[in-house]
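Trainee: Sharing a model that was predicted from the sequence below.
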Amino acid sequence: MARADPAEHAMIRLELRRFTSRCDMQEGQIRRADTLREVARLASIAVPFKLSNELDARDYQRRVTQTADECARELITEQVNAFSRAEGDFREKLRGNMREDWANLTGPLSHLRSWANNKLLVAEQNQ
């Protein structure tokens with residue numbers, strides 16, 4: 001019914017444009033983020049209620065989540081590589097810091113905790 005009203009359709013299009021520009025801004029911030037905490041904070045973006053039935057809005061939300069996933073994987077890989085190069089007591093300190101950072105992986109990035117633990121386990125076994 002709402003689609004029959006041209007004014008309502010124009011409002012939805014306007015809201016969709018605002019949401020897409022917000023998603024683009026969020027993606028840029030995610031790419032510039034240098035900590036897992038910041039990436040996890042920026043990864044969750046809510047679709048406005050008016051756009052809940054719009055597939056384009058869901059696609060933009062998914063794109064933001066994928067960008068955050070890629071960025072978080074890169075940061076975790078860097079941490080694990082630094083752990084592999086470290087020696088002695090510094091390794092234990094790095095391990096503790098990494099576990100604290102990985103605790104920040106919540107919401108759409110929570111699946112990366114087990115992935116990060118597996119990467120760490122492989123790095124420990126290779127030493």
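Mentor: Yep, that arrived. Numbers count the residues shown, from 1 in each chain.

Trainee: So for Ala72, what's the nearest residue that isn't a sequence neighbour?
Mentor: Val39 (5.0 Å; CB to CB, 6 or more residues apart in numbering). In this view, the C-beta of every residue, glycine as well, is placed from N, C-alpha and C.

Trainee: helix/strand/coil for the one you found?
Mentor: helix (DSSP: H, G, I helix; E, B strand; the rest coil).

Trainee: From Arg32, how far out is it?
Mentor: From Val39 across to Arg32, the span is 10 Å (CB to CB, to the nearest Å).

Trainee: Helix or strand: which one has Trp115?
Mentor: Using DSSP states H and E, the element containing Trp115 is helix 112-125.

Trainee: rewinding a little: show the contacting residues for the residue nearest to Ala72.
Mentor: Contacts for Val39 (CB atoms under 8 Å, 6 or more residues apart in numbering) come out as 30, 33, 68, 71-72, 75, 109.

Trainee: Right, I'll leave it there.
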